[in-house]
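>>> After the sequence you'll find the predicted model.
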Amino acid sequence: MIESMQRGLADLAVDAHFDADPALADRYGPMGRRIWRTEAQARVIHLVQAVACARPRLFGSHVAWAIDALRARHVPEEEIRGHLEALAVTLQAELPEDVAAAVRPFAEAALAELACPARDEHGLLDDQSQDSTLSRLYLLHLLQRDEREAQSLVEDAMRAGMSLAEVYERVVTPALGEIGRMWHLQEASIADEHYCTSATRSIIARLRAAAGTPRPDGRRALCCSVGGDLHDIGIRMAADLLELDGWTVDFMGANMPAAEVVISVEHASEEPGRAFDLVVASASTMLSIRSMMDLVEAMHASPIARTVPLLVGGAPFSADAGLATALGANAGAETLSEAVLAAARLVPSTAARSGR
């Protein structure tokens, strides 16, 4: 219901905001309502995802993220408060009573974020600790559009003894997180973010090829990002590390519809030696939660797929440790290393089962 009303709710919230603060029209000019309508609709879209899985904390985390972005753009605190209060009032006034009651804890979680002081976030490039040196240098090379130097940096690190898992977790992952933060706060452009992502995709492919492949131990996994999620680097790195742990992986990439995952699992079960022992799925942002819910539902509805454990991960699961269980997955992982360990717990190798 909320999703079907999202544009109308956003328009009414903007009207309420401008009615409460008539000076907004002069401060923003002819584009003012369009600017705030975009913000209001973004809040409603994220609200839909949080309500679907009954997790007010997730909506609060989204609003905290939005507040940081607005503050970075020098939006006055009273305007941020007016925006969120107008949305809360609109939801209570326009939704049916039972729906409005269900939404109230989510609005309260959002408004509670207003009481949090502005965070003095120091990015990766400001971090002078030794642990961050490689990741900082890696990111600097990419921001300078020097993929070759970034590649050489991580190759040298591996020659010096760093494992592929350590490169992924200590160098690549923090760098990608930082470029996302910089884009969010307008410290980097969309072009910067796209270049860093594209170059990293090429770099990790070459690193994985150089790492070799151990003898498979018989376990098979299907790895993908859920339908509508176009991000695939995180799940690609998870698939790589599973392969190094002995798994045979069918990597399906980004935007894998739930029905296709189930069909793949069912078809594989009909081929001797090709049945999947595990499905690993990523939801990289909050906007992919309902797609993850669709995958859980589709797997549970299949007599074959329901017997295959589902391991999930991605940013929302790091923000809410109980989310994986709440959605009905068998396990969740906040990091790549946790994903490998969780996979081994769900499906022990033959050697582990025999005690060797």
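Sure thing, it's come through.
>>> Output the longest strand belonging to this protein.
strand 248-256 (DSSP state E).
>>> After that strand, which helix or strand is next?
helix 258-269 (DSSP states H and E).
>>> and the angle for that following helix with strand 248-256?
Orientation check (axes from the mean of the first three to the mean of the last three Cα atoms, to 10 degrees): helix 258-269 against strand 248-256 gives 160 degrees.
>>> list the helices and strands helix 258-269 packs on?
Under the contact criterion of 3 or more Cβ pairs under 8 Å, 6 or more residues apart in numbering; DSSP states H and E, helix 258-269 touches strand 220-226, strand 248-256, strand 278-282, helix 289-301. Using the backbone N, CA and C atoms, a C-beta is placed for each residue, glycine as well.
>>> Let me know which of the ones you listed is the nearest to residue 201.
strand 248-256 (10.9 Å; Cβ to Cβ).
>>> Direction included, what does the closest one pair up with?
strand 220-226 (parallel) (DSSP bridges).
>>> So for the strand it pairs with, mean pLDDT?
For strand 220-226, mean pLDDT is 98.
>>> which other residues reach it?
231-232, 234-236, 238-239, 242, 247-256, 258, 261, 264-265, 268, 274-284, 288, 291-292, 294-295, 343 (Cβ atoms under 8 Å, 6 or more residues apart in numbering).
>>> can you check stretch 36-48 too?
2-3, 6-7, 9-11, 13-14, 17-18, 24, 28, 59, 62-63, 66, 70, 83-84, 86-87, 91, 103, 106, 110, 286-287, 290.
>>> Weed out the non-buried ones from those.
2, 6, 9-10, 13-14, 17-18, 24, 59, 62-63, 66, 70, 83-84, 86-87, 91, 103, 106, 110, 286-287, 290 (16 or more other Cβ atoms under 10 Å).
>>> Now, these that are in helices?
The helices, defined by DSSP state H, take in 6, 9-10, 13-14, 17-18, 24, 59, 62-63, 66, 70, 83-84, 86-87, 91, 103, 106, 110, 290 from the buried ones among the contacts of stretch 36-48.
>>> which residue ranges form the strands in the stretch 51-200 of the chain?
In the stretch 51-200 of the chain, no segments count as strands under DSSP state E, counting those that start in this stretch.
>>> Where does pLDDT dip in it?
By pLDDT under 70, the low-scoring segments of the stretch 51-200 of the chain are 118-131.
>>> what about the helices in it?
56-72, 77-94, 97-112, 133-143, 147-159, 164-167, 173-184, 190-211 (DSSP state H, counting those that start in this stretch).
>>> Can you say which of those helices is nearest to residue 320?
Using Cβ to Cβ, the nearest of the helices of the stretch 51-200 of the chain to residue 320 is helix 56-72, at 5.6 Å.
>>> now that closest one, how far from the chain's geometric center?
15 Å (Cα atoms, centre = their mean, to the nearest Å).
>>> Enumerate the positions of that helix that are buried.
56-70.
>>> Could you list the domains of this structure?
The chain is divided into the following domains under automatic domain parsing: 6-115, 124-211, 220-354.
>>> Highest mean neighbour count out of those?
With neighbours defined by mean count of other Cβ atoms under 10 Å, none of the domains of the chain is more surrounded on average than domain 220-354, at a mean of 19.
>>> chain center to that domain: distance?
Centre to centre, stretch against its chain (Cα atoms, centre = their mean), the figure for domain 220-354 is 14 Å.
>>> Same question for stretch 188-208.
17 Å.
>>> How about the spatially most central residue of the chain: what's its closest non-neighbour residue?
The chain has residue 284 as the residue nearest its centroid, 2.2 Å off, counting by Cα atoms, centre = their mean. Among residues not flanking residue 284 along the chain, residue 231 sits closest, at 3.9 Å (Cβ to Cβ, 6 or more residues apart in numbering).
>>> need the contact list for that neighbour.
Per Cβ under 8 Å, 6+ apart, neighbours of residue 231: 225, 254, 282, 284, 285.
>>> Look up how far residue 160 lies from it.
30 Å (Cβ to Cβ, to the nearest Å).
>>> ditto for residue 51
49 Å.
>>> go on, residue 195?
27 Å.
>>> same deal with residue 324?
Applying Cβ to Cβ, the value for residue 324 to residue 160 is 35 Å.
>>> cool, and residue 109?
From residue 109 to residue 160 the distance is 46 Å (Cβ to Cβ).
>>> so residue 142 makes contact with residue 201?
No - between residue 142 and residue 201 there is no contact, the gap being 11.6 Å when judged by Cβ atoms under 8 Å.
>>> can you pull the contacts of the residue nearest to residue 8 when sequence neighbours are not counted?
Closest residue to residue 8 apart from its sequence neighbours, by Cβ to Cβ, 6+ apart: residue 94 at 7.6 Å. Taking Cβ under 8 Å, 6+ apart as the criterion, residue 94 is in contact with 5, 8, 9, 12.
>>> Sounds good, over and out.
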